[in-house]
Structures are given as C-alpha cells and as structure tokens.
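Trainee: Prediction below, plus the sequence it came from.
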Amino acid sequence: MKEKIIFWIDADLTAFCLAYFLQQKIDAEFYAIIDITNRPKKFFLNQKIVNFQKVWFYHDYVMKNNDDIPDYKTFGLNLDELVKNDRIFNPKYNEFYNFTKNEINSILSNELLLFNEVFSVQPTIFITSETALRPHHTFHQLCQFKKIKTLMLNNTNWGGNLCYISENYHRINNFENQFKIKKYNSYTFEQLQERLKEKILSKSLTNFYNKNRKSKLQKLYAAFQLLFISNNDNTKTHYTYFGRKKFLVLINEIKNTINFLTRQRYIDKNFSSELPENKNLIFFPLQQEPERSLLISTPQYSNQMKTIDFISKSIPKDYVLIVKEHPTQGPGRGWRQLSDYEQFKNNPKIFFIHPSTPASDIIKKSKLVISVSGTASLEASFLNVPSITFAKNDFSTISSIQKFNQDDNLSALIEKSLNLKVDPNQIGTYFDILEENSFIFDLLNFQLDYLSTFYLNGNLADIEIDDSKMKNFLIQQKEKFVNVVNSFEQKIIKD
C-alpha cells in the first residue's frame, strides 16, 4: 500500500522543494496544507511541478463564521498557553488588530474542522520543516496524537550546515538512550572549544540576519509592490492580515525604523561593554522576540522581563545577573521598548551589558548560565560553566545542564547548579551523537536563496511566484538537496 504523505507548506519553501525532489524518488500519494497569502496562492493553485492528490488552503477554511467552541482537549491538547502567545492573537506582537475572544474561537473551531478533514484521507506520514507558528505546531501535535509518523527537518544546534530528521523540534529521536549506551570518548575543554569555534550555529544565524532584508533597493521595490501593485485583499481573506492597510503598514515601517535608531542610541549610551569587577556573575541571555523558541517552546516564559525579575530574586545575595540583549533583536525586531530596559535601571542585582559584547567573554567570567530556550546553556558547557535551561532540549541530558520545571524551586536549583562540575567527555559525546544523526545541508543559506529569489530579499512575502522561475530555482538547488532527500527516503522506508 502506498504511503500517504502530508506536507505543511507556507512562505518557507523548504517543504515544497522537498516534496518536489522526494516525488522523483518514492512512489507515494502527496497531500498538502498550504498556509500562504493570495498573490503566491495563484502559483500553488496552478502549479504542476509537484503532483499533490489534494491541497487545502488553510485560510480558505478558517475565515468562515463559526460560533462553536473548539474542543482540542479531545485530542489531549490544551492550547491555552499557545493561543495566548500566538503572535497574531497577542496584541503585544500584533500592532494592527485586536482579536475578540469570539473571533479567536471561530478561527480555532474552523481550524479543527479543517484538520479533521485532512485526517479523513488517513495520512500515514507528516513531513515538515520546523514548526514556526501556532497553527503549524498544532497540526504537528495532532499528528503525534493520532500516531501519524512525523519527519521534521531540524537545523542542528551544532554546525551551521548540519540538519537531522526527528519527530520533534530540536530533539533527536531516542536521544536519551543513545546517550546512555554511547561509550564516552576522552575530550579536553581545549578540544571542545576549538570544535565550538569552528561550528557554532550562532555564527550562521548572525550571517543570516546580516544578509536578510539588507538590500535598500529591494526594500524600495517591496514598498512599491505593496503600495502600487498589490490590491491588499489579504486584509479580507487572511485573519493574519486584519488591520494591515497599506498606509498603516508603511507608517509602521517608518515608525519601526525610527524606534530602532532611538533604541540603538539608548543601548549605546546606557549599556556598558565592560563587566562589573569583583562580582560573582550569573549570565542570562535574552531570546529574540517574538520567536518560536519562546512562544511555542516555552510559552509560560514568553515575558522575558518577568523572567529577568524572577531570576534576579532567586540568585544568591552576593551575585549579579548579567543580561545581554540578543544580537539579532535589533536587526530582526528593532530592539525592545525602552521601558523594558528602564524598569531595571536602578536594580543593583541586574546589569545590562552591551549586545556587541561576545557571549563567550561573558560566559567565561560567569559562575552559571541560565537560558530560557537558547543554545547559551549548551555553549557554556564548552567553557566549563554549568547552566540551567527552561526548555525541553536533548542537551539537558548532559549532567551539568539542569532543566528547570515550573514546580521547581529556582533558588535551590541555582545553588545546586553552581556546585556542578562539567564533564568534557559528556559534552563531546553529545556532539558525537548529534553528528552521527545528522547530514550536510546548509538550511540557512538555502533560506537566503529562496528569500532573495522570490521574496525581494525577505522584504515582502505577498508576491507572485513565477512558474519558470521556480523550475529554474529547483534545478539550481538539486545538488544541495541530495543529502536531504536521501535521508528522508531512508526514514520513510525504514519502518
């Protein structure tokens, strides 16, 4: 019997390209949920590049009036935290529209009806990129509840050009057991630090944000497209675009540019580049916001200012909490409101360091690192520093990286962690396992490729996709996808 494979396709073209190359390798029925705006929708309606048995356009279903209250709990899911932190529903992140409770319930109810219709074709495999937004993540959770085999393409925390396939976001299948039975090799911290220098993911992320949306010419052309080419009908057909009138979007872009410059001046003036002398330091790096690592991975800690306050009240009296802004928060999100920084200005237990200060320099001088959902906890281990993470990651299997749970006493966990010793052999073994489960695919560079080819260097997502341009793009990407496709093919036929 043929496998029935369902893909989630959105503006991230990874899944569509993967479907194209996979269809040339395996004999299966392909289906897709497509979460896309109206202008690129024309391409997906008419394309013959990938032979999908059926596609469902997400927004065609969720915009219908529906007074029913969705019952996701019948699937074992409680979406309260995810819905509360949905970047479209949450007014903290949505500057254009405030949703009523009834509107949200209607969207969620229709969403559930759509997903049930998709499940009626009895898909056997769900292939997906990393789940970035709530609807995508919710469908992933439902597939797991229904025992549908999930194959998720993950970018590794280790090496910017490595990926692996797993059931969950940033968690290798059966990792704990692999770690338990793996024979430790002997490593020194010097060897680990050299390994870190060569392959740490943060370098690739910095490169990504330095290139994405940087072309002024592309920004001007994107503005021209928005103002004079697009009819802006997404505001009627896509709840994610409610309130986004052309003039308001343009004004918002100008306001954000001004805010970025104002906030940058504030940061340069008020955040020191030098760490305090003769102090015991605990390092807390902020996450970029809004971002999946907060809103989905750790929704209960999405308010990072509250988390700073919580941690500062839990650290020992003779310690100072060093807070560093995420380096991509500025270029990616325009920094935070000044009030976020100002509220801690006179708190002697909290010290904001300039975001240009290398995280490694701070970690080296810290006794402990605490991270909500980032890789700083992992990086700390290379530098012989214990850490605490709030998110569920496979690297918390390492004994010097403690996982904080909501019912834990953070003060007690901090005291315990300060006394932990880092075992370099465990760190090396973790990355040995990660590399053994990975293959070469530079996902971030691939994303830069499709953003520059189709989306005006990432400046505009609602843009028409040309069929011939897509075919040429796929030809250019063929060699890059060899490892990915072979790895997926093995996973599909393995079980």
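Mentor: Arrived safely. Residues are numbered from 1 along each chain as shown.
Trainee: Now do the same contact list for the spatially most central residue of the chain.
Mentor: The geometric centre of the chain, computed from its C-alpha atoms, lies nearest to Arg292 (C-alpha atoms, centre = their mean), at 4.0 Å. Contact criterion C-beta atoms under 8 Å, 6 or more residues apart in numbering gives 130-133, 169 as the residues in contact with Arg292. Using the backbone N, CA and C atoms, a C-beta is placed for each residue, glycine as well.
Trainee: Which two of the residues you listed have the greatest separation?
Mentor: The most widely separated members of the contacts of Arg292, counting by C-beta to C-beta, are Leu133 and Tyr169 (12.5 Å).
Trainee: between those two, which one's more packed in?
Mentor: Between Leu133 and Tyr169, counted using other C-beta atoms under 10 Å, the more crowded position is Tyr169 (20 against 17).
Trainee: okay, the closest residue to that one other than its chain neighbours: pLDDT?
Mentor: The shortest distance from Tyr169 to any residue other than its chain neighbours is 5.7 Å, reached at Glu130 (C-beta to C-beta, 6 or more residues apart in numbering). With respect to pLDDT, Glu130 has a value of 93.
Trainee: cool, and Ser366?
Mentor: Looking at Ser366, its pLDDT is 97.
Trainee: got it, and Pro276?
Mentor: pLDDT for Pro276: 93.
Trainee: and if you look at Lys199?
Mentor: At Lys199 the predicted local confidence, pLDDT, stands at 62.
Trainee: go on, Leu205?
Mentor: Per-residue confidence for Leu205 comes out at a pLDDT of 53.
Trainee: Equivalent analysis for Ile433, please.
Mentor: Looking at Ile433, its pLDDT reads 91.
Trainee: got it, and the one 10 residues further on?
Mentor: According to the predicted model, the pLDDT of Leu443 comes to 91.
Trainee: my guess is it contacts Asn155, does it?
Mentor: Yes: between Leu443 and Asn155 there is a contact at 4.7 Å, judged by C-beta atoms under 8 Å.
Trainee: Mind listing the shared neighbours of those two?
Mentor: Taking C-beta under 8 Å, 6+ apart as the contact rule, Leu443 and Asn155 both touch Cys163.
Trainee: number of nearby residues for Lys147?
Mentor: Residue crowding around Lys147 was assessed by other C-beta under 10 Å; the count is 8.
Trainee: Return the distance of it relative to Glu167.
Mentor: With distances defined as C-beta to C-beta, to the nearest Å, the gap from Lys147 to Glu167 amounts to 11 Å.
Trainee: Same check on Met152?
Mentor: Taken as C-beta to C-beta, the span from Met152 to Glu167 is 7 Å.
Trainee: ok, those two, which is more surrounded?
Mentor: Shown here are Met152 and Glu167; by other C-beta under 10 Å, Met152 has more neighbours (19 against 16).
Trainee: I'd assumed the more buried one was in a strand, is it?
Mentor: Yes: assessed by DSSP: H, G, I helix; E, B strand; the rest coil, Met152 belongs to a strand.
Trainee: Just the pLDDT at it, thanks.
Mentor: The score at Met152 is 97. That number is its pLDDT.
Trainee: for Asn161, same thing?
Mentor: At Asn161 the predicted local distance difference test score is 85.
Trainee: is it true that it touches Asp442?
Mentor: Yes: in terms of C-beta under 8 Å, Asn161 counts as a neighbour of Asp442; the distance is 4.1 Å.
Trainee: all strands for the stretch 151-300 of the chain, in order.
Mentor: Along the stretch 151-300 of the chain, the stretches classed as strands by DSSP state E, counting those that start in this stretch are 162-166, 280-285.
Trainee: which helices and strands does the first one pack with?
Mentor: Think strand 162-166. Under the contact definition 3 or more C-beta pairs under 8 Å, 6 or more residues apart in numbering; DSSP states H and E, strand 162-166 sits against strand 149-155, helix 424-436, strand 439-440, helix 482-494.
Trainee: Okay, Gln264 and Ser377: tell me how far apart.
Mentor: From Gln264 over to Ser377 the distance is 28 Å, taken as C-beta to C-beta.
Trainee: now swap in Asn85 and tell me
Mentor: Plainly put, Asn85 is 21 Å away from Ser377 if you go by C-beta to C-beta.
Trainee: the more surrounded of those two?
Mentor: Relative neighbour count places Ser377 above the other of Asn85 and Ser377, with 31 against 22, counting by other C-beta under 10 Å.
Trainee: ok, for that one, nearest residue in space, not its chain neighbours?
Mentor: The spatial neighbour of Ser377 that comes closest, neighbours along the chain excluded (C-beta to C-beta, 6+ apart), is Ser387 at 3.8 Å.
Trainee: The one you found contacts Gln402, correct?
Mentor: Yes: here Ser387 reaches Gln402: they are 7.3 Å apart, a contact under C-beta under 8 Å.
Trainee: any shared contact partners between those two?
Mentor: A shared contact of Ser387 and Gln402, defined by C-beta under 8 Å, 6+ apart, is any residue touching both; here these are Ser417.
Trainee: Tell me which of the two has more neighbours.
Mentor: A side-by-side neighbour count of Ser387 and Gln402, using other C-beta under 10 Å, places Ser387 first with 27 against 21.
Trainee: how near is that one to Leu420?
Mentor: Applying C-beta to C-beta, the value for Ser387 to Leu420 is 9 Å.
Trainee: Same check on Lys2?
Mentor: As judged by C-beta to C-beta, Lys2 and Leu420 stand 51 Å apart.
Trainee: Which one's more surrounded, those two?
Mentor: Regarding Lys2 and Leu420, a neighbour count based on other C-beta under 10 Å identifies Leu420 as having more, with 16 against 9.
Trainee: quick one: contacts for His59?
Mentor: Contacts for His59 were tallied using C-beta under 8 Å, 6+ apart; they are 35, 237-240.
Trainee: Show me what Ile401 is bridged to.
Mentor: Using DSSP bridges, the bridge partners assigned to Ile401 are Ser387.
Trainee: sorry, back to before: which residues are in contact with each of Ser387 and Leu420?
Mentor: Overlap of the contact sets of Ser387 and Leu420 (by C-beta under 8 Å, 6+ apart) consists of 400, 402.
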